[in-house]
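Colleague: sequence and predicted structure are below.
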Amino acid sequence: MNLSYLTISQLHQAFLDKEISAVNIVKYYLDRIEKLDPQIKAFITVCSSEALAAAKSLDAKLASGQPVGRLAGTVMAVKDIFLTKGIQTTAASQVLKGYIPPYSSTVYQRLINEDAIIIGKTNTDPFAFGASTENSGFFTTKNPWNLNLVPGGSSGGSAAALSADLCTFALGTDTGGSIRQPASLCGVSGIKPTYGRNSRYGITAMASSFDCPGAFARTAEDLALITQITAGLDEFDATSSPEPVADYSNQLNQTSLKGLKIGLPKEYFTGSIDPEVKKIVLQAAETFKQQGAKIIDISLPSTDLGIAVYYVLVPCEISANMARYDGLRFGQSNRDSADLFSYYLETRGQFMEPELKRRILIGTYALSAGYFDAYYLKASKVRTLIKNEFTDALKNVDVILTPVSPTPAWPIGQKANDLLQMYLADVYTVCVNVAGLPAIALPAGFTPQNLPVGFQLISIFFEESKLFSLAHQYQQLTDHHLRFPKI
Amino acid sequence: MSSQAKISPEELDHVAKLARIKLTEEEKTVFLPQLESVLEYLDKLNQVDTSKVSPSFQITNLTNVFRSDEVKTSLDQKSALSSASKTHDTYFVVPKTIDK
């Protein structure tokens, strides 16, 4: 059986029908990883023996007639900031190199409970601080569509792994665009759910009021199933939402395209946007229009402030969250220091990557005496304005459609030395995080250089079912998500 | 926030000390203009009138989340200590904290 680029639903069915065993599925991906990952470098850790052992026991379970989980037969790659019990979790930083967590993150565990098999931990910017994986404390991941280009980030390893068919689906986190942007740059689909929809428990914390675990998959149908499994209240994360989880998988055709009101915010189609990206994203809107949707021009005037709000609030939250990395209870440390104070300085100075230091310094500065009102409080107020503009706009339209990234994937190294340019790469994704809304990123087409371009649909809080439904119908009408890199 | 330099070399040293991070001279040279450019960019926020806006600290309108105060199984001592750089019996060993 040809396993190449199969979806969750296809593989799961083939496994249930005993067309292929879990062991052979795992071997297929391990072979691909062995062949391709030396060039792509999506994985920090490949867990071959754990994956094969899990596959063997899953095959035995099916053979003995016991019920199997909804993800049986599928293989996942997990961003290396999700804690995975017994499997090294580095956060792509020297800080946590060698750390074997004694417990697992909730989102990961819920997928394991449905018999998904983990094949490895993927590269990211350290602790997810970045937009290209170039800040990783280990190496830069390459874009499978062109190995000279970045895969995007921070969840670039997960997006690249899925794009190169090194897994059936992958996990990521989206604090400012870190799922949607790499999905767009690597030509796969990705969901950033509403803040609080997926538990943050067991994931290294970046900015606690922004962080959103989510997933990458080949289709909206697959994303709906994954989210169905991962979403919902978690007693270990007090910010996880008690809102009931809708039956996403059974509502894929529920939202009618006829008469659907789609808002196009003008601020997302001006300025630095690449003309090819604009053209391709507008074609996606046209596809909906041809099915009877109404395209409505809207305005979100504070869009331009999103990056500034983000780079005040997120570093502030980072500086607090990163205080725990002192090398005493976990992580690498410098044990030769003379006293506790020098120990802290030296351990953190020695093992933290430059971007960790920069963001901690920005946050510490903004929260230090005399600056709180000017930065944190001010940004928290502008956060309200951005949120209100979205919620007001979404009273008049059903969904908002925008580009994900102003450009396709860019050359490795191009923005690495220009901090602000790298920060601005998230200009179209970041406001969604500031507002806490859900958004789904989907492949929309390809540039003349054959690079994938994505668009995103944004809805009001907890309307993931609408996003999955619209995305699924779009993917029935188009085949951009069925094109794969030649590697 | 004014138009003069946002962060002086002395302030950078102070902030690094607050953050418990030792910076090399080279890092200071690289970081200072980078942080300056980011802080200057953040000045954008001052152009916005927020006199009538309340701040958002939590975005999905959850209010206080309580749970009952019950003892539940948690990580055992061995697991909790498993990643520590130095342990003694059931303790984390830390560098000397008090001088006398």
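Modeller: Cool, got the structure.
Colleague: so for the chain, the centremost residue is which one?
Modeller: The chain I'm using is chain A. By Cα atoms, centre = their mean, the mean C-alpha position of chain A lies nearest to A:Ile179, the distance being 2.4 Å.
Colleague: oops, chain B please
Modeller: B:Ala19 (6.8 Å).
Colleague: touching, that residue and A:Ser319? I think so.
Modeller: Yes - B:Ala19 is within contact range of A:Ser319, at 6.4 Å (criterion: Cβ atoms under 8 Å). Bear in mind the C-beta positions are built from the backbone N, C-alpha and C, glycine included.
Colleague: and the spatially closest residue to the residue nearest to the centre of chain B that is not a sequence neighbour, how far from B:Thr50?
Modeller: Nearest non-adjacent residue to B:Ala19, counting by Cβ to Cβ, 6 or more residues apart in numbering or on different chains: A:Thr364, 4.3 Å away. Per Cβ to Cβ, to the nearest Å, A:Thr364 is found 23 Å from B:Thr50.
Colleague: what are the ranges of the strands in chain B?
Modeller: Per DSSP state E, chain B has strands spanning B:87-88, B:91-92. These are given in chain order.
Colleague: okay if I get these as a markdown table plus distance to chain A, mean neighbour count and mean pLDDT?
Modeller: A markdown table is the format used below for the strands of chain B (distance: least, Cβ to the nearest Cβ, whole Å; neighbours: other Cβ atoms under 10 Å in any protein chain shown; pLDDT from 0 to 100):
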| stretch | distance to chain A | mean neighbour count | mean pLDDT |
| --- | --- | --- | --- |
| strand B:87-88 | 10 | 12 | 94 |
| strand B:91-92 | 6 | 12 | 94 |
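Colleague: wait, which of those strands is closest to A:Asp426?
Modeller: Closest approach to A:Asp426 among the strands of chain B (Cβ to Cβ): strand B:91-92, 37.7 Å.
Colleague: residues touching that closest one, excluding its own?
Modeller: With contact meaning Cβ atoms under 8 Å, 6 or more residues apart in numbering or on different chains, strand B:91-92 is reached by A:Leu328, A:Arg329, B:Leu81, B:Ala84, B:Lys86.
Colleague: do that again at 10 Å, thanks
Modeller: A:Leu328, A:Arg329, B:Gln77, B:Ala80, B:Leu81, B:Ala84, B:Ser85, B:Lys86 (Cβ atoms under 10 Å, 6 or more residues apart in numbering or on different chains).
Colleague: select from these the one having the most neighbours.
Modeller: With neighbours taken as other Cβ atoms under 10 Å in any protein chain shown, the top of those is A:Leu328, carrying 21 neighbours.
Colleague: can you name the element that comes right after the helix or strand bottoming out on mean pLDDT in chain A?
Modeller: The weakest-scoring helix or strand in chain A, judged by mean pLDDT, DSSP states H and E, is helix A:419-424 (a mean of 90). Later in the chain than helix A:419-424, the nearest helix or strand by DSSP states H and E is helix A:430-435.
Colleague: residue contacts, the closest residue to chain B within the stretch 1-150 of chain A?
Modeller: Here the stretch 1-150 of chain A gets closest to chain B at one residue, A:Pro102, 3.7 Å apart by Cβ to the nearest Cβ. Residues in contact with A:Pro102 (Cβ under 10 Å, 6+ apart) are A:Leu83, A:Lys85, A:Gly86, A:Phe330, B:Leu75, B:Asp76, B:Lys78, B:Ser79, B:Ala80, B:Leu81, B:Ser82, B:Ser83.
Colleague: export those residues to JSON lines and tack on pLDDT and distance to A:Thr255?
Modeller: Output for the contacts of A:Pro102, formatted as JSON lines (pLDDT from 0 to 100; distance: Cβ to Cβ, whole Å):
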{"residue": "A:Leu83", "pLDDT": "98", "distance to A:Thr255": "35"}
{"residue": "A:Lys85", "pLDDT": "98", "distance to A:Thr255": "38"}
{"residue": "A:Gly86", "pLDDT": "97", "distance to A:Thr255": "41"}
{"residue": "A:Phe330", "pLDDT": "94", "distance to A:Thr255": "45"}
{"residue": "B:Leu75", "pLDDT": "92", "distance to A:Thr255": "43"}
{"residue": "B:Asp76", "pLDDT": "93", "distance to A:Thr255": "48"}
{"residue": "B:Lys78", "pLDDT": "94", "distance to A:Thr255": "51"}
{"residue": "B:Ser79", "pLDDT": "94", "distance to A:Thr255": "46"}
{"residue": "B:Ala80", "pLDDT": "94", "distance to A:Thr255": "47"}
{"residue": "B:Leu81", "pLDDT": "95", "distance to A:Thr255": "51"}
{"residue": "B:Ser82", "pLDDT": "94", "distance to A:Thr255": "48"}
{"residue": "B:Ser83", "pLDDT": "93", "distance to A:Thr255": "46"}
